[in-house]
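K.L.:
what's the 3D shape of this:
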Amino acid sequence: MTTQITCTRRIEFDAAHRVREHESKCRFLHGHRYVVEASFSANNLDNLGRIIDFGVVREKLGGWIDDNWDHNTILWEADAELGALIAVNTEQKIYYLPYNPTAENMAVYLLEKICPLLFKESGVQCTKIKLYETPNCYAEVTQ
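P.N.:
Predicted coordinates:
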């Protein structure tokens with residue numbers, strides 16, 4: 001029997017978004033205190049017995065989140081008109097996703113697009129993203 005080992009780093013950030021065409025109040029621009037739990041696995045542990053140093057995850061993934069999502073507005077590319085209005089009247093940065101910024105879509109984006117870019121040379125794989133939109137609601141995606 002082979003033992004499966006993963007390690008997980010928690011990263012928190014604040015951002016605004018709206019879920020375009022939502023049937024309720026989430027269609028309006030609003031903010032959340034998001035929490036990302038990113039889990040990693042590797043074929044072998046390093047010489048210290050780790051999959052990856054938690055500080056490296058914070059530096060790479062946390063740095064990407066700080067630069068792109070933290071204290072920003074996350075919108076769907078289809079919402080470019082709203083983004084332009086916000087940007088022209090404020091100094092607010094906008095991050096455009098290729099799809100509606102639901103917790104599910106944001107989690108998939110991190111797992112499938114961002115983590116492979118950030119960790120491609122490290123020998124580890126991000127295998128799960130759990131993205132909390134509120135303390136009671138999260139989306140989880142695994143590979």
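K.L.:
So which elements touch the helix or strand of the chain with the lowest mean pLDDT?
P.N.:
Every helix and strand of the chain was ranked by mean pLDDT, DSSP states H and E. The lowest is helix 80-89, at a mean of 92. Judged by 3 or more Cβ pairs under 8 Å, 6 or more residues apart in numbering; DSSP states H and E, helix 80-89 is in contact with strand 72-76, strand 94-97. Just so you know, the C-beta spots here come from the backbone N, C-alpha and C atoms, and that holds for glycine as well.
K.L.:
Between strand 72-76 and it, find me the angle.
P.N.:
Between helix 80-89 and strand 72-76, the angle comes out at 160 degrees (axes from the mean of the first three to the mean of the last three Cα atoms, to 10 degrees).
K.L.:
buried set for helix 80-89?
P.N.:
Judged by neighbour count (16 or more other Cβ atoms under 10 Å), helix 80-89 contains these buried residues: L82, G83, I86.
K.L.:
So what's the gap between that helix and the chain middle?
P.N.:
In this view, helix 80-89 has its centroid 23 Å away from the chain centroid, taken as Cα atoms, centre = their mean, to the nearest Å.
K.L.:
what does that helix rub up against?
P.N.:
Outside of helix 80-89, the residues that reach it under the criterion Cβ atoms under 8 Å, 6 or more residues apart in numbering are R18, L29, T73, L75, Q92, K93, I94, Y96.
K.L.:
what two of these have the greatest distance between them?
P.N.:
Pairwise distances across those (Cβ to Cβ) peak at 15.7 Å, for the pair R18 and K93.
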